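# my questions concern the predicted model and sequence given below.
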Amino acid sequence: MDNTLLTLLTIFVGITAIAFVAQAVAIIGMGMVVRRLATRVEAVTDMVQTHVVPLVGDVRGLVADSRVHLDMAGRNLVEITAAARNQVLKADAVLTGFSDGLRLQAIRFDELVSGILEKLDGVTEAVQRAVLTPVRDVSAIVNGIRTGVEFFFRHRPSPVAVPRSDDEMFI
């Protein structure tokens, strides 16, 4: 009986360990995706810096040269800024979607684990009803038979002494 409970406990601990490993793998995967996204955002930021900084220098020079060139540079700057803003918004949307998806997956995983644990509780109860109860009954019968046999062999009456006459006692 104790071995069965120990086995069930070991199974439950194993399932719990698998659940923790699955969560760790999911979190590591998320970290890798976020790291890749951060690298892309840094690349876009670097691209913006490499284009905007020279553009600002050109704008200062063009202001002196002509107003037409200044207008064109201003339009280019607006386009670059809009592109950078769109990239940041896209990155934010991706991160938000990823976070929401991850949260949903965590909820689903929690529900899955809860369902498994409930089913395992049902299995445990069924095993106790189907296996442990008959085993207890058989164990009680065997204990009763053993006690009866021990009693039978332990308490045998000793042979009755034959009464002797008083004459045999004297010499």
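Nice, thanks for sending it over.

# what's the first helix or strand after the lengthiest helix in the chain?
For the chain, the helix with the greatest residue count under DSSP state H is helix 2-65. Once helix 2-65 ends, the next helix or strand along the chain (criterion: DSSP states H and E) is helix 67-127.

# and the helix or strand just after that next one, how far out from the chain's middle?
Sequence order places helix 133-154 as the next helix or strand after helix 67-127, per DSSP H and E. Counting by C-alpha atoms, centre = their mean, to the nearest Å, helix 133-154 is centred 46 Å from the centre of its parent chain.

# quick one: helix 133-154 to helix 2-65, angle?
Interaxial angle, helix 133-154 versus helix 2-65 (axes from the mean of the first three to the mean of the last three C-alpha atoms, to 10 degrees): 150 degrees.

# for stretch 122-136, measure first residue to last.
20 Å (C-alpha to C-alpha, to the nearest Å).

# any idea of the mean pLDDT in it?
Average pLDDT, stretch 122-136: 83.

# by contact count, what packs against the longest helix of the chain?
On a contact count with 3 or more C-beta pairs under 8 Å, 6 or more residues apart in numbering; DSSP states H and E, helix 2-65 meets helix 67-127. C-beta: built from backbone N, CA, C; applies to glycine.

# ok so, going back, between helix 67-127 and the longest helix of the chain, find me the angle.
180 degrees.

# any idea of the mean pLDDT in helix 2-65?
Helix 2-65 shows an average pLDDT of 87 in the prediction.

# hmm, who's touching stretch 120-133?
1, 4, 8, 11-12, 15 (C-beta atoms under 8 Å, 6 or more residues apart in numbering).

# and with 10 Å instead?
Residues outside stretch 120-133 that contact it (C-beta atoms under 10 Å, 6 or more residues apart in numbering) are 1, 4-5, 8, 11-12, 15, 135-136, 139.

# gap between residue 29 and residue 12?
For residue 29, the distance to residue 12 equals 26 Å [C-beta to C-beta, to the nearest Å].

# which residue packs closest to residue 12, ignoring adjacent ones?
Take residue 12 and drop its neighbours on the chain: the residue closest to it by C-beta to C-beta, 6 or more residues apart in numbering is residue 120, 6.4 Å away.

# neighbours around that neighbour, how many?
For residue 120, the count of nearby residues is 14 (other C-beta atoms under 10 Å).

# equivalent analysis for residue 35, please.
Residues near residue 35, counting by other C-beta under 10 Å, number 10.

# the one 10 residues further on too?
Neighbouring residues of residue 45 were enumerated by other C-beta under 10 Å; the total is 13.

# that one contacts residue 83, doesn't it?
No. At 11.9 Å, residue 45 does not count as touching residue 83 under the criterion of C-beta atoms under 10 Å.
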